[in-house]
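> Fold the following.
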Amino acid sequence: MNFSYELIEKYKNFMGYSQDKQVISDFEEFNSGNMSQIKKGTRHLTANQCIFMANTIGMDQKEALLKLAIEKSKSKEEGKIWSDIVKKISAACVALTLVAGLANAPTEDAFA
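Numbering: from 1, shown residues only. Next comes the predicted model:
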């Protein structure tokens with residue numbers, strides 16, 4: 001399943017929708033033909049649609065746009081570059097989280 005369709009499904013579940021036409025009605029520039037093409041993987045969400053759905057379901061906008069960029073890649077090389085960027089960002093976030101956790105860890109003095 002492609003990212004655009006996964007995001008649509010998450011949005012649909014979050015909104016309590018049971019039909020694609022309910023999602024379509026939330027967007028002016030969306031129609032059943034677009035939905036069909038997205039399901040087939042021959043079309044993708046627009047950046048604005050992606051941002052709106054990500055915000056609605058509580059997903060990070062930046063992560064959503066990066067995943068959309070990977071999906072829209074015109075070549076394997078381009079897709080790999082986007083994937084590498086995501087991995088580097090994720091690794092940096094993990095490192096920052098660990099550093100922040102260590103900085104906030106109680107010291108021996110805290111137990112005295």
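> wait, Phe3 sits on Leu66?
No - using C-beta atoms under 8 Å, Phe3 is not in contact with Leu66, being 9.7 Å away. All C-beta spots, glycine's among them, are computed from the backbone N, C-alpha and C.
> more crowded one of these two?
Comparing Phe3 with Leu66 by neighbour count (other C-beta atoms under 10 Å), the higher total belongs to Phe3, at 20 against 17.
> Show the pLDDT at the more buried one.
Note for Phe3: predicted pLDDT of 92.
> likewise Ala103?
63.
> Which residue comes closest to the residue nearest to the spatial centre of the chain once chain neighbours are left out?
Centroid-nearest residue in the chain, with C-alpha atoms, centre = their mean: Ala64, separated by 2.4 Å. Distances taken as C-beta to C-beta, 6 or more residues apart in numbering place Ala54 nearest to Ala64, at 3.8 Å, with adjacent residues excluded.
> Backbone dihedrals for the one you found, please?
Main-chain torsions, Ala54, degrees, to the nearest 10: phi -60, psi -50.
> residue contacts, it?
Applying C-beta atoms under 8 Å, 6 or more residues apart in numbering to Ala54 gives the contacts Leu7, Asp60, Gln61, Glu63, Ala64, Leu65.
> how many neighbours does Met35 have?
For Met35, the neighbour count with other C-beta under 10 Å is 18.
> err, Thr42, not the other one
9.
> likewise Ser75?
Using other C-beta under 10 Å, the number of residues around Ser75 comes to 8.
> Which parts of the chain are strands?
In the chain, no segments count as strands under DSSP state E.
> Mean pLDDT per helix and strand in it: which one sits at the bottom?
Least confident helix or strand of the chain, by mean pLDDT, DSSP states H and E, is helix 76-103 with a mean of 71.
> how far away is the nearest residue in space to Ser83 that is not next to it in sequence from His44?
Here the nearest residue to Ser83 in space, its sequence neighbours aside, is Ile70; by C-beta to C-beta, 6+ apart that works out to 5.9 Å. To His44, Ile70 is 11 Å away according to C-beta to C-beta, to the nearest Å.
> shared neighbours of the two, which are they?
Counting by C-beta under 8 Å, 6+ apart, the common neighbours of Ile70 and His44 are Phe3.
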